[in-house]
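1. need a 3D model of the following:
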Amino acid sequence: LDVAGPVYETLLQRMKDGGMADAFETRRGQNPLVDSGIRVARHVDDDGERVSLAFVYKVAAEIGRLGDNIRYIRDAIHHDAILNTVISLPHRFDSILSHTRWASVGAINVINCHPVDHHEEGQIRDDGGIIHVCLNGDIDNYQELRGDLLQKGVKVPGDVTTDTKIIPLLVADHMKDGCDVAEAFRRAVN
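-> You can find the predicted model right below:
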């Protein structure tokens, strides 16, 4: 979700008034790739200060009945008081990225479930946009690309072992070099 700066301040007040401020801060402070993580990113565009909020819902249950994982995610979204507060406010746009894939490369755990983002090990800053990626396939040259990023000083998180993590890291790296998001994505997948 993308909201104007003043709307974000209204959101913070509504969460405080509704007793959700502590839960919001706790979810913001956790790894944004785990279930119920929230990433907040501030940025400035032609319309002024904007705030992007990304809500993550994930499950990595290997054993169960067909449909259990998606049922869990739907219930989590439906009952999320913070998300419902955010979407009740005026926002420029929202997008939903949904995928029920486990990592085929890497451990089957919540952190490796898709989507994955571009944040580096230890990165806690809240500026810039948010890049999320889902992939249905494998990246054959993942180790080579990971090594190239490590040599450039990119801090690839050690606990994220899915090869898909390399795509948003590459996109972010190309954007640091001055590419817009479309060109950065084109170069990353090239």
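
2. show me the contacts for residue 187.
-> Residues touching residue 187, when contacts are defined by C-beta atoms under 8 Å, 6 or more residues apart in numbering, comprise 170, 174, 179. Every C-beta, even on glycine, is put in place using the N, C-alpha and C of the backbone.

3. this structure: strands as residue ranges?
-> Counting by DSSP state E, one finds strands in the chain at the ranges 2-4, 38-45, 48-55, 116-117, 132-133.

4. how about residues contacting the fourth one?
-> The reference is to strand 116-117. Residues from elsewhere that reach strand 116-117, judged by C-beta under 8 Å, 6+ apart: 32-33, 39, 54, 130-133, 160, 162, 164-165, 167-168.

5. now residue 56: closest residue in space, sequence neighbours ignored.
-> When the adjacent residues along the chain are set aside, residue 56 lies closest to residue 37, with 4.4 Å between them (C-beta to C-beta, 6 or more residues apart in numbering).

6. before we move on, what about residue 5?
-> Here the nearest residue to residue 5 in space, its sequence neighbours aside, is residue 49; by C-beta to C-beta, 6+ apart that works out to 3.5 Å.

7. try residue 115
-> If you skip the residues right next to it in sequence, residue 115 has residue 132 as its closest partner in space, 4.0 Å away by C-beta to C-beta, 6+ apart.

8. could you verify my assumption that that neighbour touches residue 168?
-> Yes: because the distance of 6.9 Å satisfies C-beta atoms under 8 Å, residue 132 is recorded as touching residue 168.

9. was I right to think residue 24 contacts residue 16?
-> No: checked against C-beta under 8 Å, the pair residue 24 and residue 16 is beyond contact range at 9.1 Å.
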